[in-house]
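*Asks:* the sequence isn't on hand, but the structure is:
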Ligand SMILES: Nc1[nH]c(=O)nc2c1ncn2[C@H]1C[C@H](O)[C@@H](COP(=O)(O)OP(=O)(O)OP(=O)(O)O)O1
């Protein structure tokens with residue numbers, strides 16, 4: 001089976017993270033980081049930078065790859081590559097996909113208005129701790145999860161074998 005590959009980018013500063021309310025596409029009405037499908041012919045990093053620009057107007061030079069999430073079951077079978085960055089350039093702007101876009105304090109993340117799996121792995125992402133997760137959905141409900149912190153070198157090895 002060929003899984004769809006997605007990116008998810010979190011812009012951070014000190015103890016705050018930038019989230020947008022999804023107004024189009026997958027996950028409408030939920031807060032999330034920026035991201036989307038990796039397109040044919042682009043690398044995962046290139047896809048991540050493009051999606052960040054399209055959805056927030058922010059440019060970024062370097063992204064840190066902090067996690068790989070594999071989703072099983074409904075609503076789709078996919079792999080999501082999670083990135084963080086502290087360095088962006090350009091003027092933040094809402095987009096057709098994300099509106100509004102807001103800084104959230106780490107201890108005030110709106111988990112009740114996010115994908116149900118977010119609260120399971122955000123703690124790793126917020127601390128820049130590398131992680132690997134497998135999350136199985138049945139319908140809109142999580143049926144099984146496996147989430148583990150991961151050695152940075154190991155995740156880079158796994159990642160390089162996927163790009
Ligand atoms: N269960 C889940 N939990 C989560 O926190 N984020 C998820 C998720 N399932 C998918 N995502 C993220 C991955 C990706 O960043 C986004 C979905 O991307 P989209 O479908 O919006 O892709 P595109 O922006 O390429 O879409 P279009 O431009 O509308 O074709 O939601």
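*Replies:* The structure has been received and is ready for your questions. The structure presented is a predicted model; accordingly, all values stated were derived computationally and were not measured.
*Asks:* now the closest residue to residue 151 other than its chain neighbours: how far from the ligand?
*Replies:* Spatially, and ignoring its direct neighbours in sequence, residue 151 is nearest to residue 130 (7.0 Å; CB to CB, 6 or more residues apart in numbering). C-beta here means a position set from N, CA and C on the backbone, and glycine is covered the same way. Residue 130 is 17 Å from the ligand, where distance means CB to the nearest ligand atom, to the nearest Å.
*Asks:* I'd guessed residue 130 sits against residue 150; true?
*Replies:* Yes - if you go by CB atoms under 8 Å, residue 130 and residue 150 touch, sitting 4.6 Å apart.
*Asks:* who has more neighbours out of the two?
*Replies:* Higher neighbour count among residue 130 and residue 150: residue 130, with 23 against 19, using other CB atoms under 10 Å.
*Asks:* next up, the contacts around that one.
*Replies:* Residue 130 makes contacts with 66-67, 124, 149-152, 154-155, as judged by CB atoms under 8 Å, 6 or more residues apart in numbering.
*Asks:* what's the closest of the residues you listed to the ligand?
*Replies:* residue 67 (10.7 Å; CB to the nearest ligand atom).
*Asks:* got the contact list for that closest one?
*Replies:* Neighbouring residues of residue 67 by CB under 8 Å, 6+ apart: 81-82, 121, 124-125, 130-133, 155.
*Asks:* show me which residues of this structure are close to the ligand?
*Replies:* 6-8, 24-27, 32, 35-37, 71, 80, 115, 117-118 (CB under 6 Å from any ligand atom).
*Asks:* ok, which pair from the residues you listed is furthest apart?
*Replies:* Spanning the widest gap among those are 24 and 117, at 20.9 Å by CB to CB.
*Asks:* same drill for these two, tell me which one is more crowded.
*Replies:* Remark: of residue 24 and residue 117, residue 117 carries more neighbours, 18 against 12, as counted by other CB under 10 Å.
*Asks:* tell me the pLDDT of the more buried one.
*Replies:* Looking at residue 117, its pLDDT stands at 97.
*Asks:* which is the next helix or strand following the helix or strand hosting residue 125?
*Replies:* Element membership for residue 125, per DSSP states H and E: helix 118-126. Remark: after helix 118-126, the chain's next helix or strand is strand 131-138, criterion DSSP H and E.
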